[in-house]
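K.L.:
here is my input; please provide its structure:
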Amino acid sequence: MERRCSIVNAPREAVVGTQLGEARYDLETIFHAQYGRIARVIARVIRDPARAEELAVEVFLKWSRNAQAHGENATGWLYRTAARMSLDELRSQARRSRYESMFRIVRPSPTPEEIRAVNEERDRVRFVLSAIDPRQGEMLLLRSHGFSYGELATMLDLRLASIGTLLSRAQQAFRKEYIKRYGEE
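P.N.:
Predicted structure coming up:
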């Protein structure tokens with residue numbers, strides 16, 4: 001029994017009792033003796049000290065539930081389990097980041113605050129469009145829907161050469177009216 005305690009690096013008090021030559025180890029004593037080292041091993045791998053502490057606790061919980069791990073090489077079992085859990089955590093983080101990047105492609109549902117802000121901005125734009133010259137508002141609206149200069153010229157019965165100038169004037173009129181009503185943002 002003395003030999004088992006020295007290999008576990010736990011004091012003699014860690015051994016609670018024996019039954020037929022088997023020693024039972026006190027989780028709390030071994031935890032205090034090995035926790036810091038186990039947490040540091042995990043932290044070196046995953047580079048997150050807080051998460052490493054959580055995983056170290058899980059290592060000791062696994063150890064406490066596995067009676068076969070309480071043998072002569074309990075310290076080795078703890079370190080091996082810590083290394084495996086560290087690698088599992090790295091894999092989990094990689095998988096999580098891969099899935100999160102895939103979900104970033106799909107736009108998440110907006111928050112109520114975002115919906116309110118979008119509705120407020122839309123109302124402002126509509127109000128400013130109604131306040132400027134109707135022909136300029138019409139030109140800005142059609143251009144915002146992706147119509148080309150040629151299409152704008154045809155729809156509004158204008159010369160193609162004048163579309164750029166008229167569009168620029170419409171944008172300036174819109175900007176001036178928006179700033180007058182709402183200030184620069």
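K.L.:
mind listing what Leu78 touches?
P.N.:
34, 38, 59-60, 63, 69 (C-beta atoms under 8 Å, 6 or more residues apart in numbering). To be clear about C-beta, it is placed using only N, CA and C from the backbone, and glycine gets the same treatment.
K.L.:
helix or strand for it, which one?
P.N.:
helix 74-105 (DSSP states H and E).
K.L.:
please apply the same query to Leu61.
P.N.:
Per DSSP H and E: helix 49-65 holds Leu61.
K.L.:
which other helices and strands contact that helix?
P.N.:
Helices and strands touching helix 49-65, by 3 or more C-beta pairs under 8 Å, 6 or more residues apart in numbering; DSSP states H and E, are helix 27-46, helix 74-105.
K.L.:
can you list the weak-confidence ranges in the protein?
P.N.:
Within the chain, the ranges that satisfy pLDDT under 70 run 1-25, 104-107, 185.
K.L.:
okay, now the domains of it?
P.N.:
Segmentation of the chain into domains, based on automatic domain parsing, reads 2-105, 112-182.
K.L.:
the helices and strands packed on helix 49-65: which one's closest to Gly164?
P.N.:
helix 74-105 (35.1 Å; C-beta to C-beta).
K.L.:
list the contacts for Gly150?
P.N.:
Leu160 are the contacts of Gly150 under C-beta under 8 Å, 6+ apart.
K.L.:
quick one: name whatever helix or strand follows the host helix or strand of it.
P.N.:
Assigned by DSSP H and E, Gly150 belongs to helix 149-156. Under the assignment DSSP H and E, the closest C-terminal helix or strand after helix 149-156 is helix 160-182.
K.L.:
that next one to helix 149-156, inter-axis angle?
P.N.:
80 degrees (axes from the mean of the first three to the mean of the last three C-alpha atoms, to 10 degrees).
K.L.:
can I get helix 160-182 in PDB, CA atoms only?
P.N.:
Extracted as PDB, the C-alpha positions of helix 160-182 are listed here (Å, rounded to 0.1, in the frame of the first residue of the first chain):
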ATOM      1  CA  LEU A 160     -28.500  58.600 -71.800                       C
ATOM      2  CA  ALA A 161     -25.800  61.200 -71.700                       C
ATOM      3  CA  SER A 162     -27.700  63.200 -69.000                       C
ATOM      4  CA  ILE A 163     -28.500  60.300 -66.600                       C
ATOM      5  CA  GLY A 164     -25.200  60.500 -64.700                       C
ATOM      6  CA  THR A 165     -25.500  64.200 -64.000                       C
ATOM      7  CA  LEU A 166     -29.200  63.900 -63.100                       C
ATOM      8  CA  LEU A 167     -28.500  61.000 -60.800                       C
ATOM      9  CA  SER A 168     -25.700  62.900 -59.100                       C
ATOM     10  CA  ARG A 169     -28.000  65.900 -58.600                       C
ATOM     11  CA  ALA A 170     -30.700  63.600 -57.200                       C
ATOM     12  CA  GLN A 171     -28.200  62.100 -54.700                       C
ATOM     13  CA  GLN A 172     -27.100  65.500 -53.600                       C
ATOM     14  CA  ALA A 173     -30.700  66.700 -53.100                       C
ATOM     15  CA  PHE A 174     -31.500  63.600 -51.100                       C
ATOM     16  CA  ARG A 175     -28.300  64.000 -48.900                       C
ATOM     17  CA  LYS A 176     -29.100  67.700 -48.300                       C
ATOM     18  CA  GLU A 177     -32.700  67.000 -47.300                       C
ATOM     19  CA  TYR A 178     -31.700  64.100 -45.100                       C
ATOM     20  CA  ILE A 179     -29.100  66.200 -43.200                       C
ATOM     21  CA  LYS A 180     -31.600  69.100 -42.900                       C
ATOM     22  CA  ARG A 181     -34.200  66.800 -41.300                       C
ATOM     23  CA  TYR A 182     -32.100  64.300 -39.300                       C
END
